[in-house]
Structures are given as structure tokens and as C-alpha cells.
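> this one's structure only:
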């Protein structure tokens with residue numbers, strides 16, 4: 001027991017200490033987006049220390065995972081299990097939260113968003129809502145204009161202080177927002193706290209990230225509660241709490257996914273407490289869907305095996321919840337906000353792609369099979385020149401079909417809702433046309449209660465997609481990086497699922 005305790009302390013200490021270089025490299029990280037070769041090289045030089053520090057922290061946490069897996073069958077000997085005193089449990093929980101909060105707080109203070117600029121859209125939307133403007137209508141590119149296009153002699157007033165300053169930092173400024181109502185209400189609530197204060201963009205950045213970090217700490221608290229209710233070591237929660245990915249993507253870049261993840265965990269916890277209280281877990285799940293629709297398939301898992309009344313109750317409750325939250329934003333001004341959201345969503349769904357493990361090679365094969373350079377140059381009508389719109393649509397349909405297949409297989413399997421949710425959320429990252437690092441946070445947040453080797457490996461390699469910042473001229477990703485990032489993930493999936501599939505075939 002002494003050796004196991006010493007080993008656990010050693011790995012936990014190493015994991016906590018490994019956060020220091022992660023936070024330090026983030027504090028030094030600056031990314032340039034002006035389209036020059038020099039900027040791309042400077043970005044790569046800045047990214048390497050962060051990747052190395054993240055790798056060291058990941059290795060230390062992997063040691064924690066292996067230690068906990070070995071001792072999970074002897075939880076009665078641990079000092080953070082139900083057999084331990086309430087004081088010991090509180091000490092473990094507070095230690096986990098304190099270290100997690102410290103790393104996040106230092107990151108907020110020392111780092112400005114560099115890896116992603118999505119935060120500025122959140123600020124823009126939130127300030128619009130806080131000042132009585134429907135966030136689905138303004139276009140940031142218009143906000144940057146000093147004069148009214150209809151009358152160049154009239155100076156265009158800002159809708160709120162800092163509107164132009166914020167709009168200049170927004171990507172895809174020609175489009176209206178794509179974020180859903182639950183996110184918008186959250187953005188607006190955060191912006192309300194400084195609506196009447198003198199404008200300061202740096203303060204707004206830190207305010208939004210601090211708010212998201214508070215939600216992130218709630219996620220960690222929910223994980224601790226789930227582990228305690230299942231009689232498992234609370235130290236499993238450090239696999240998320242002390243992981244460099246949420247620190248970089250939430251405290252560093254301030255991604256809003258944390259809102260939906262927290263609501264999803266609330267729904268899973270409510271289901272775990274009493275699955276028959278359908279309304280209790282359906283409401284937070286519906287709110288999570290209004291952050292990102294990736295949470296919607298979880299309803300199938302939580303309703304599996306239930307009668308038609310349960311399905312109807314959940315469906316009606318979820319629909320009413322979505323209607324109440326979305327209606328004030330979508331169904332005003334003749335439905336124009338909803339039309340704007342639809343147009344922006346269509347644009348993103350048809351053309352945006354990044355680091356997709358299946359989508360990228362699938363699109364490449366479709367293009368090779370359906371077009372040749374000769375066909376391109378031989379076209380007589382300029383309007384009929386080769387375009388990859390249809391190829392991209394086909395590749396996306398294939399990926400959506402694969403996601404649907406995974407959802408069906410999981411629904412028919414014997415996986416628990418926690419394991420099933422983790423599989424589906426990972427599949428949505430692997431088969432998506434766009435796989436940003438923060439997308440994996442949904443699956444990683446379930447790792448402490450439903451660990452997966454594939455999710456764990458992906459939590460290290462998915463941030464390698466930032467290598468695209470090394471080419472700010474063409475915004476391309478070297479194919480070899482895609483292979484290095486995803487081959488280990490698929491190998492882990494094969495090792496994890498292979499024996500189960502073979503055993504199932506033998507049983508049949």
C-alpha cells in the first residue's frame with residue numbers, strides 16, 4: 001500500500017509540476033496572421049515549445065492513468081474513496097480544483113488569445129445583445145465601416161463603444177454569427193457586467209475567458225461528484241482538470257464549448273441519479289443542444305429501453321425548452337435572424353474544413369476519381385470550369401453517414417450512456433470535415449468516468465493541427481502531419497475494439 005501511495009503521489013506531483021511549462025509557453029505564445037512566409041515560420045517557432053510542454057504534461061497524466069487503472073480494483077485502500085473520511089475527500093477535491101484553477105487563472109492573466117480568434121465573435125455577439133441588438137443580424141464587416149454606404153457624407157455611429165475595435169479582430173467578418181441561442185444568452189449575460197463601463201478590449205477578453213473558466217471548474221466539480229457517486233478515486237478527474245488542452249482552449253482561447261459540456265454533464269448526472277425523472281435531465285440536455293447539436297444523440301442513449309411515454313415526454317420537454325430559449329432571438333423581425341443563421345450555417349457546412357481525419361483523404365479520392373487536369377482545361381464554357389462543390393458535398397455526406405452509423409451501432413450496443421456518449425463524441429471529431437482541438441473537449445471531459453485510449457491519444461495529437469498556422473499564405477496542412485496525428489488514434493481504436501468484436505463473433 002505504501003508503494004502504491006508513493007507512486008500515486010509521484011505521478012500526481014509530476015502532473016501538477018508539468019503544468020508550469022504549459023502555462024509559461026502559453027504566456028510566451030504569439031501568432032501572426034499576416035500572409036507572409038516569415039510569419040508562418042515565426043508561428044511554427046512559437047508553437048514548438050507549447051507542443052513539447054503539452055507532451056510532457058500528457059505523459060505525466062498518462063502515468064496517473066496507468067496507476068489509477070492498476071489500483072482501481074482496490075479502491076478501499078485509497079484515501080479518496082467512500083471508505084475515507086469526509087475530510088480526506090474534501091482535501092483531495094480542493095487540491096484538484098485549486099491546482100486546476102491556478103493554472104487557468106495564470107493563463108488568463110499572462111496570455112492573450114492567439115491560437116484562435118473566435119473569442120472576439122463572442123464578445124461582439126454578447127455586446128450586441130447586451131445593448132439590445134439581436135446578435136443574428138449585425139455583420140462585423142459593416143461594423144468596421146466609418147461611413148454609411150447609403151450616404152457617404154454621414155458618419156456611422158457605433159452601436160456600442162468598442163464595436164469597430166472588436167469587429168476588426170473577427171474572422172469571416174462578412175458573415176453573421178453562427179452561434180446558437182444558449183451561447184448567445186451566455187455571451188449577453190457576461191457582456192452585461194461591463195456594459196456601462198469604459199471600453200477596454202483586453203478587459204473584455206479576460207472577462208469572457210474568466211467566465212468560461214468558472215464554468216470549466218463547474219465541469220471538474222461535476223466529474224468529482226460523478227466519481228464519488230460511483231465509488232471511484234477522485235484523482236481520475238485530474239485527467240481533465242490538469243490536462244493542457246482545456247487550459248489552452250478555454251483559459252487561453254476562451255472557447256464557448258465549455259457551456260454545452262457543463263450542461264451535458266448536468267444531464268448525465270441527473271440521469272445517473274434517477275433516470276425516471278425525464279424532465280430533470282431533458283432540460284439541461286436540450287440547453288446543451290442549443291450550444292452545439294453534437295449533444296442531441298445523447299438523448300437516444302438516455303432513452304434506450306424506455307417506453308413510448310418516456311420518449312414523448314422527453315421530446316415535448318426538449319422541444320418546449322428549445323422554443324422558449326430560442327424564440328426571442330430567432331422569431332422576431334419576420335424571422336430574419338433565423339434566415340441569417342441558416343445562410344451562415346450553410347456556408348460553413350459546405351466550405352469550411354480543417355484537419356479532418358476521414359474527410360480530407362475522402363475528398364482527395366473523390367477528386368481523383370471524378371476529375372482530371374485535362375477535363376478542367378478542356379472546358380469551353382468558363383461557367384462550367386471545374387469546381388469541387390459537388391465533390392465536397394459528397395465527401396461530407398459520406399462523413400455524415402459514418403457518424404450516423406456509429407450512433408446506430410452505439411445505440412444497439414450494451415455500452416453505458418457515458419461510454420456511448422464518449423464514442424459518439426469522438427466519432428464526430430474523427431469524421432467531421434472540421435476537427436479543431438476544442439471539439440475534442442466534449443469527449444475528453446468524459447475521460448475520467450469513461451476512459452478511452454483513442455480519446456486520450458487524440459487529446460495529445462489533435463493540437464498538431466495548429467501546424468496550419470505555419471502556412472498563413474495558403475493555409476494548408478502537410479499530409480504527413482495528418483498521418484502522424486490520426487494513425488495512433490485509429491490504432492488505439494483497433495486495439496480497444498478489436499478483441500470485443502472478435503469475442504462477440506465467437507459468442508454468436
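Received, thanks. Because the structure is a prediction, the values reported are computed rather than measured.
> Going by C-alpha atoms from here, please, whenever you check contacts or count neighbours.
Noted.
> Which residue comes closest to residue 177 once chain neighbours are left out?
residue 136 (5.7 Å; C-alpha to C-alpha, 6 or more residues apart in numbering).
> Report all helices and strands that the one helix or strand residue 60 maps to contacts.
Secondary structure assigned from DSSP states H and E places residue 60 in helix 37-71. Applying 3 or more C-alpha pairs under 8 Å, 6 or more residues apart in numbering; DSSP states H and E, one finds that helix 37-71 makes contact with helix 2-28, helix 238-241, helix 244-246, helix 453-461.
> any idea of the mean pLDDT in the helix or strand where residue 404 lies?
Using DSSP H and E, residue 404 sits within helix 389-412. In this model, helix 389-412 has a mean pLDDT of 91.
> Tell me the helix or strand right after it.
Beyond helix 389-412 on the C-terminal side, the first helix or strand identified by DSSP H and E is helix 417-430.
> so what does that following helix touch, helix or strand wise?
helix 298-302, helix 389-412, helix 441-444.
> Indicate which one of the ones you listed is closest to residue 43.
Residue 43 lies closest to helix 441-444 among the helices and strands packed on helix 417-430, at 23.8 Å (C-alpha to C-alpha).
> Any idea how far stretch 26-33 is from the middle of the chain?
21 Å (C-alpha atoms, centre = their mean, to the nearest Å).
> what about it, start to end distance?
For stretch 26-33, the first and last residues are 17 Å from each other (C-alpha to C-alpha, to the nearest Å).
> Mind listing what's buried along that stretch?
26-27, 29-32 (16 or more other C-alpha atoms under 10 Å).
> about what we covered before: list the buried residues for the helix holding residue 404?
Within helix 389-412, the residues that count as buried by 16+ other C-alpha under 10 Å are 391-392, 394-396, 398-400, 402-404, 406-407, 410-411.
> How about stretch 217-236?
Within stretch 217-236, the residues scored as buried using 16+ other C-alpha under 10 Å are 217-228, 231-236.
> same check, this time on stretch 59-70
Applying 16+ other C-alpha under 10 Å to stretch 59-70 flags 59-65, 67-68 as buried.
> Residue 104: what's its closest spatial neighbour, skipping adjacent residues?
Nearest to residue 104 is residue 251, by C-alpha to C-alpha, 6+ apart, at 5.3 Å.
> Tell me where the stretch 301-450 of the chain is predicted with low confidence.
Residues of the stretch 301-450 of the chain that meet the criterion pLDDT under 70 lie in 371-388.
> 90 - rerun?
By pLDDT under 90, the weakly predicted segments of the stretch 301-450 of the chain are 333-334, 346-354, 363-364, 366-393, 413-415.
> Just the strands from the chain, written as ranges.
Using DSSP state E, the strands of the chain run over residues 147-148, 151-155.
> Stretch 166-185: how far from the chain's middle?
Centre to centre, stretch against its chain (C-alpha atoms, centre = their mean), the figure for stretch 166-185 is 16 Å.
> In it, which residues are buried?
166-167, 169-170, 173, 175-185.
> pLDDT of that stretch, averaged?
On average, stretch 166-185 scores 95.
> Kindly report the same for stretch 104-122.
Rounded mean pLDDT across stretch 104-122 is 96.
> How about stretch 49-64?
Taken as a whole, stretch 49-64 has a mean pLDDT of 97.
> which other residues reach it?
Outside stretch 49-64, the residues that touch it by C-alpha atoms under 8 Å, 6 or more residues apart in numbering are 8, 11-12, 14-15, 18-19, 21-22, 25-26, 29, 238-239, 242-245, 460, 463-464.
> What subset of the residues you listed is buried?
Among the contacts of stretch 49-64, those scoring as buried are 8, 11-12, 14-15, 18-19, 21-22, 25-26, 29, 238-239, 242-245, 460, 463-464 (criterion: 16+ other C-alpha under 10 Å).
> circling back to that earlier point, run the chain-centre distance for the helix holding residue 60.
The answer for helix 37-71 is 18 Å, by C-alpha atoms, centre = their mean.
> Any chance of JSON lines for the buried residues of stretch 59-70, columns distance to residue 108?
Converted to JSON lines, the buried residues of stretch 59-70 look like this (distance: C-alpha to C-alpha, whole Å):
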{"residue": "59", "distance to residue 108": "24"}
{"residue": "60", "distance to residue 108": "23"}
{"residue": "61", "distance to residue 108": "23"}
{"residue": "62", "distance to residue 108": "26"}
{"residue": "63", "distance to residue 108": "28"}
{"residue": "64", "distance to residue 108": "26"}
{"residue": "65", "distance to residue 108": "28"}
{"residue": "67", "distance to residue 108": "31"}
{"residue": "68", "distance to residue 108": "31"}
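> I am finished for the moment; much appreciated.
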